[in-house]
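Engineer: The following block contains a protein sequence and its predicted model.
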Amino acid sequence: MTKQKPAGLSAGLVGLGSTSRAGLVSKGSAVAPSAVRMAPLSTQVVDRQPPVSAPKLAAVTLLSSSDDLPIGGIAEVEIARCHMNPYGARQVYPAALIEKRANSIAKEGQKYEAIVCPHPTIKGDWIIIDGECRKRALMHLGRSTIRIKNDGPKTNKDLYCLSEVLNKERNDGTVIDSALVWQKLLDDQVANSQDEVAEIAHVSKSVVSKTLGILKLPTYIIQYIKDSDGAERLSATAAYELLLISKHVAGDDLTALVDKVIAGQMSTRELEALRSKFEAGTTRKPKEISRQYKIKTGESQVGFLKEWDSGKVAFEIHLVDPVQRIELLTELKRRFGLNEA
């Protein structure tokens, strides 16, 4: 007796065959139905599955002008129309940081929109409140657009305050960043005094004073700190101590100290002790001021007499007349009890 196949399985195979054939025909393939039905079950199941694709971000509209995006709106815009925040809490973007962010975007895409506001003077353009690093990373990858979110119009003070809050949340920025942007706030009269800068930045007045002071560091040291990996670990107090030490140390010795502080191998107290040591070794007596009297013959000056409070007296004279010279020497010898050698 011939065994019959279960009806359910036969129907299932036919259904799969029909589906596979339909899919193949739609691609323009000429495959016989019987050939499809004879294919292994595992192959037929794979043929039924839709192709797997990577998840896509929600579609955004490429805009050419900030006038077309409402507050809170998200869009794709040309990078060329997005300008750096002049009052951004972060002013320095080392190449290593850009490279790291570019690698992340290349693998995972732009995860977060850059927060922007309409540019106050360039119609249709934007200022990036937060996202400058993302913008530079995209440019590094050769991209021409960036995804943004419009946060609405902002004042200059807003541009700093919002950026400062977001940078603190991520623990971004260095003491050099703070020094540069705080000085710009003062230069542009966004803040009228160091006290106002301290109020805006939510730090003490002494921190503002020390931080601004480090801009007096040698230019090569400022650039060295900018380029250093981990520069965010350099505090304002430590940087100020380096400023004082720079009066006694320079070149590779000074950059080596920067490296030690950033690496956590030298504390602020150790810097203070080193600075005190240098200062103690260069202590000098206060310079004395002399009083000088001119010696004249007629209208011509022939010499001078100097005296100091310490008791020192200096005397110099030029007498062409030998008689006058002998008379003066005789008088001086007698005054000081000098005998002929």
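Structural biologist: Cool, got the structure.

Engineer: who's in contact with the residue most central in space within the chain?
Structural biologist: The residue lying closest to the centre of the chain (CA atoms, centre = their mean) is V92, at 2.1 Å. V92 makes contact with T174, I176, D177, L180, K226, A231 under the criterion CB atoms under 8 Å, 6 or more residues apart in numbering. Every residue, glycine included, has its C-beta placed from N, CA and C.

Engineer: Then C117?
Structural biologist: In this structure, C117 makes contact with W126, I127, I129, N150, D151, G152, P153, K154, D158, L159, judged by CB under 8 Å, 6+ apart.

Engineer: And the pLDDT for the closest residue to the fourth one other than its chain neighbours?
Structural biologist: If you skip the residues right next to it in sequence, N150 has L69 as its closest partner in space, 4.8 Å away by CB to CB, 6 or more residues apart in numbering. On the pLDDT scale, L69 is placed at 85.

Engineer: didn't L69 look like it was pressed against G152?
Structural biologist: No. Using CB atoms under 8 Å, L69 is not in contact with G152; the gap is 10.3 Å.

Engineer: out of those two, which sits in the busier spot?
Structural biologist: Between L69 and G152, counting by other CB atoms under 10 Å, L69 is the more crowded of the two (19 against 11).

Engineer: quick one: low-confidence parts of the protein?
Structural biologist: Low-confidence segments of the chain, defined by pLDDT under 70, span residues 1-67, 171, 282-287, 340-341.

Engineer: could you pull out the strands for it?
Structural biologist: Under the criterion DSSP state E, the chain contains strands at 62-63, 74-78, 82-84, 114-118, 126-130, 145-150, 291-297, 300-307, 313-317.

Engineer: Chain neighbours aside, what residue packs nearest to K294?
Structural biologist: The shortest distance from K294 to any residue other than its chain neighbours is 5.1 Å, reached at Q301 (CB to CB, 6+ apart).

Engineer: That neighbour: how many residues sit nearby?
Structural biologist: Burial measure for Q301: 12 neighbouring residues, criterion other CB under 10 Å.

Engineer: now D151
Structural biologist: Considering only other CB under 10 Å, D151 is surrounded by 19 other residues.

Engineer: same deal with T211?
Structural biologist: T211: 27 surrounding residues under other CB under 10 Å.

Engineer: Repeat that for I221.
Structural biologist: Using other CB under 10 Å, I221 has 21 neighbouring residues.

Engineer: residues touching the residue lying closest to it once chain neighbours are set aside, list them.
Structural biologist: For I221, ignoring the flanking residues on the chain, the nearest one in space by CB to CB, 6+ apart is L254 at 6.1 Å. Each residue near L254 by CB under 8 Å, 6+ apart is listed here: P218, I221, L242, I245, S246.

Engineer: same thing with D158?
Structural biologist: Residues in contact with D158 (CB under 8 Å, 6+ apart) are C117.

Engineer: any idea how far it is from K135?
Structural biologist: As defined by CB to CB, to the nearest Å, D158 lies at a distance of 19 Å from K135.

Engineer: ok, now V175?
Structural biologist: In terms of CB to CB, V175 sits 24 Å off from K135.

Engineer: cool, and I128?
Structural biologist: Looking at I128 against K135, where the rule is CB to CB, the gap reads 6 Å.
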